[in-house]
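S.K.: What would the 3D arrangement of this be:
(chains A and B)
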Amino acid sequence: MADPVISIRGLRKSYGEFEAVRGIDLDVQAGEVFAFLGPNGAGKTTTVEILEGYRKRSGGEVSVLGEDPQHGDRGWRERIGIVLQSCRLDPYLTVRESLGLYAGYYRAPRPVDEVIELVGLGGKADARARGLSGGQQRRLDVGMALIGDPELLFLDEPTTGFDPSARRQAWETIAGLRDLGKTVFLTTHYMDEAQRLADRVTIISRGEVVASGTPDDLGDRESLPTTISYRLGGEEVSVETTDPVADLHELTGRAVERKLELEGLEVTRPNLEDVYLSLTSEGEDE
Amino acid sequence: MSGFALFAHQFRYDQKAFWRNPASVFFTVMFPVVLLLIFATVFGDQTVEVRGGIKTTAYYVPAIITLAVISATMQSLAMSLVIAREDGRLKRGRGTPMPAWVFIAGRVGNSAVVALLMLGLLAVIGRVLYGVAIPWSQMPEIVFTLLVGAAAFCCLGIALTAAIPSQDAAAPIVNALLLPLYFLSGVFIPDDQLPDGVIHFADIFPIRHFFEAFFDVYDPGSAGGGLQWGNLAVVALWGVAGLLLAIRFFRWTPRGG
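M.R.: Predicted coordinates:
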């Protein structure tokens, strides 16, 4: 098997007394969209900034594209693209100029017009950044990270603060990156974002990994209880069960027998949101 | 791209962004012009007791060019770098293969070019409106003095960003430093009207020395028009101090949030 694009072993980062990252291990393989999920303050941004070479770690081993990001040189920077959590654009440059400026930093950039199409800003190429909507600015952010044609792209909370339609647009752009064969390291605190975009998800809480897997089998979702709920005589009833088929059979059998109406009968599997909340809320109730 | 091509590339975009920004054009270009017009209109017919008496306008043309150079370098750089830093734009730039020096050189080059343009613009306004001769024979000394000042005040502007915590704080901090020194250094008020104590105080800082060096090459008069090495050395020392502070304390990542 090929070497992982990102490999982290025992990563630690302290700020004075405070340990923001407390021994993280993870691997990201080439071509996958990897979601790094956690609540605010869980250590996501600290970790991603260590991977991007912005911060020094306190301990552990980190390899990104075969190099230690702390000593990443120009050649290494040519191979990665970074979309920061919050970054404005130069308000007085147009979409084409912002991309043109960044294209000049790389040895073999993608053509500017190609990137404009890729991020769906074809109609806005000559608009200044200040005149773009939030969603369009974010897509230009992504375009500036793609201009050097990187192998690996970091996206730090790419849709935080977006309205639903801007989020959807951003998701389409990110989903398109997979088709380009890029490896994507995505941090987010939105479960639905990870579910929608990622091949694999790692959840961290308080600087430690609490779960890891594909969005479907994360946190051993299969073994968690199913909820059966209905209304009977105006009263809400909700039952958790690990054997939903048999219990449902018994419930509906009895209801039919006694001619009872089970209003609003619903069977719900725990969704990823539930798993996420149960995993990250442990010991977080201060 | 080679180092120089990369610098030229960065410089070209910095120029575009500068000239399209109404705030930078107003404060760096228009404001000194307006100041010169105001001072010349209000005090135009008087004489200043400097070097046995010269016309007020002959005093204010080099004085306001001095201000314009400091404005195009220290003031403009400190403000625009803090804004770009807090926007996250400096951090994003550091995430690309662009070497740090290219970015800084682009901004410094932009400031130097604007400072030279202001020399031309204010000299022409002084000549056309107020008959203040443009000292053509002094041009090498004038440009040299201006560039020494521009370099020093660029370093000071970059160093100053480390003391500015937010975008909102940029203008108040820069103005609180510069405005009093313009008054005390004789840029706004002719120095024959300033008490000696004030001048001695102003002598600690580089604005006074840059003004004296520039005034003497722009208006040769009794001083003879030679380069004022003593004054230039003080300006350069301040510049070196600024450079060392900038290397030590300049940051690319936002301080707020």
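
S.K.: Mind listing residues that contact the host helix or strand of B:Arg248?
M.R.: Taking DSSP states H and E as the criterion, the element that holds B:Arg248 is helix B:229-249. Here helix B:229-249 makes contact (Cβ atoms under 8 Å, 6 or more residues apart in numbering or on different chains) with B:145, B:148-149, B:151-162, B:205-206, B:209-210, B:212-213, B:216. No exception for glycine: its C-beta is placed from N, CA and C like everyone else's.

S.K.: gap between it and the chain center?
M.R.: 14 Å (Cα atoms, centre = their mean, to the nearest Å).

S.K.: can you give me the mean pLDDT across that helix?
M.R.: For helix B:229-249, mean pLDDT rounds to 96.

S.K.: mind listing what's buried in the helix or strand hosting B:Leu6?
M.R.: Following DSSP H and E, one finds B:Leu6 within helix B:3-20. Buried positions in helix B:3-20, judged by neighbour count with 16 or more other Cβ atoms under 10 Å in any protein chain shown: B:Leu6, B:Phe7, B:Ala8, B:His9, B:Gln10, B:Phe11, B:Arg12, B:Tyr13, B:Asp14, B:Lys16, B:Ala17, B:Phe18.

S.K.: Could you dump the residues you listed into TSV with pLDDT added?
M.R.: Formatted as TSV, these follow (pLDDT from 0 to 100):
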residue	pLDDT
B:Leu6	94
B:Phe7	95
B:Ala8	96
B:His9	96
B:Gln10	96
B:Phe11	96
B:Arg12	96
B:Tyr13	96
B:Asp14	96
B:Lys16	96
B:Ala17	95
B:Phe18	96
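
S.K.: Same list (those residues) but as TSV, adding distance to chain A.
M.R.: Putting those into TSV (distance: Cβ to the nearest Cβ, whole Å) gives the following:
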residue	distance to chain A
B:Leu6	7
B:Phe7	10
B:Ala8	9
B:His9	4
B:Gln10	8
B:Phe11	11
B:Arg12	9
B:Tyr13	5
B:Asp14	9
B:Lys16	7
B:Ala17	5
B:Phe18	8
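
S.K.: How about the longest helix along chain B, which residues are buried there?
M.R.: Longest helix in chain B by number of residues (criterion: DSSP state H): helix B:100-130. Buried positions in helix B:100-130, judged by neighbour count with 16+ other Cβ under 10 Å: B:102-116, B:118-119, B:121-123, B:125-126, B:130.

S.K.: Beyond it, next helix or strand please.
M.R.: Taking DSSP H and E, what comes next after helix B:100-130 is helix B:139-160.

S.K.: Just the CA trace of that following helix, in CSV.
M.R.: In CSV, the C-alpha atoms belonging to helix B:139-160 read as follows (Å, rounded to 0.1, in the frame of the first residue of the first chain):
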residue,chain,number,x,y,z
MET,B,139,18.1,66.1,-7.8
PRO,B,140,20.7,63.4,-7.0
GLU,B,141,21.0,64.6,-3.4
ILE,B,142,17.2,65.0,-3.1
VAL,B,143,16.4,61.5,-4.4
PHE,B,144,19.2,60.0,-2.3
THR,B,145,17.9,61.7,0.9
LEU,B,146,14.3,60.7,0.1
LEU,B,147,15.2,57.1,-0.5
VAL,B,148,17.2,56.9,2.8
GLY,B,149,14.2,58.3,4.6
ALA,B,150,11.8,56.1,2.7
ALA,B,151,13.8,52.9,3.6
ALA,B,152,14.0,53.9,7.3
PHE,B,153,10.4,54.8,7.6
CYS,B,154,9.3,51.6,5.8
CYS,B,155,11.2,49.6,8.4
LEU,B,156,9.7,51.7,11.2
GLY,B,157,6.2,51.1,9.7
ILE,B,158,6.7,47.4,9.5
ALA,B,159,8.0,47.3,13.1
LEU,B,160,5.1,49.4,14.3
